[in-house]
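Provided below for reference: sequence and predicted model.
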Amino acid sequence: MMVGCAFWAGAAMAQETGYIQRQLHNAVPGGVAVLALGNQEAAPKASYEGKPVLVVRDSNEQWIAIVGLDLKTSQGPHEVVTDQGQSLGFNVGHKQYREQHIKLKNNSHVNPSAEQLARYEREYNEQIDAYQQFSDRYPSNVIFDLPVQGRFSSPFGLRRFFNGEERNPHSGLDIAAASGTLVRAPANGKVILVGDYFFNGKTVFLDHGQGLITMYCHLSEIMVQPGDEVARGSSFAKVGATGRATGPHLHWNVSLNNARVDPQIFIAKP
């Protein structure tokens, strides 16, 4: 329904949608909202809660805004604003995530010392700076390849308890794989951060463009450095168990407009 310069995104969703919108739209906390912006020649710009969001052209020639919704996003009405003065409304629904209980031998990974907490704070700020980057590059693809093949051992959004103590929900997808398994880029990207962190272990951040950032943790080996360009399908690291890990696996994060979202949304569906 059109009201002045605003309309409800459900009306746009009812029309013929493009491939990306059909694949990615899942407007729940930890999910993604995809909104049609029109088929004008030049790409519009859009923002959500004051942050710029990813805009690409879909298979039906419509420009779409792809908006990350973090786990703390409230249910109910939200809106995206464009540089053309449009206000695009959409609803965020409910999703319940499961619990996970993990036993760690290294208790410092549950209750770090003051020195370890100071280290964590420095590392956390460094990683948040990487997540907040918004480059002008146009993503090579937003439907991702899996970075490694393996069992999904811990899904996104789990309420996690370490040695009986609750900590932050799981912000990524864990994929169990043998130590040394090559990790491949799910899309073209630029290496924007490499580190060896207290909780995450050896870690790589890739910038795929316009606030679409991926992170890879617990690596045994890193084969790139900041500034390197990696092509879709190329290997840049190896699976390991560094940092807070009970065994070899890849922890894979996907972030949009500085919101961590479920990586499984970006895996091609049949």
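Structure received.

Show me what the longest helix along the chain is packed against.
When the chain is parsed with DSSP state H, its longest helix is helix 114-131. Counting contacts by 3 or more CB pairs under 8 Å, 6 or more residues apart in numbering; DSSP states H and E, helix 114-131 is packed against strand 189-197, strand 201-209, strand 212-222. In this view, the C-beta of every residue, glycine as well, is placed from N, C-alpha and C.

can you rerun that using 6 Å?
The contact analysis (3 or more CB pairs under 6 Å, 6 or more residues apart in numbering; DSSP states H and E) places helix 114-131 against strand 189-197.

if we can go back for a sec, figure out how far the longest helix of the chain is from the centre of its chain.
From the chain centre to the centre of helix 114-131 is a distance of 19 Å (CA atoms, centre = their mean, to the nearest Å).

Same check on stretch 124-141?
Centroid displacement of stretch 124-141 relative to its chain, using CA atoms, centre = their mean, is 10 Å.

Touching that stretch from outside, list them.
Contacting residues not belonging to stretch 124-141 are listed as 52, 187-188, 192-193, 205, 207-209, 211-213, 232, 255, 258 [CB atoms under 6 Å, 6 or more residues apart in numbering].

Please, a ChimeraX command that selects the buried ones among those residues?
In ChimeraX, selecting the buried portion of these, with burial taken from 16 or more other CB atoms under 10 Å, looks like this:
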select :187,188,192,193,205,207,208,209,211,212,213,255,258
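
circling back: so the longest helix of the chain versus strand 212-222, what angle?
130 degrees (axes from the mean of the first three to the mean of the last three CA atoms, to 10 degrees).

quick one: buried residues of helix 114-131?
Buried positions in helix 114-131, judged by neighbour count with 16+ other CB under 10 Å: Glu123, Gln127, Ala130, Tyr131.

ok, now which ones touch the residue lying closest to Ala177 once chain neighbours are set aside?
Among residues not flanking Ala177 along the chain, Gly150 sits closest, at 3.9 Å (CB to CB, 6 or more residues apart in numbering). Contacts of Gly150 were listed using CB under 6 Å, 6+ apart, and they are Ile175, Ala176, Ala177.

try Ala259
Contacts here follow CB under 6 Å, 6+ apart; on that basis Ala259 touches Gly68, Asp70.

try Leu250
By CB under 6 Å, 6+ apart, the neighbours of Leu250 are Val148, Ile175, Val239.
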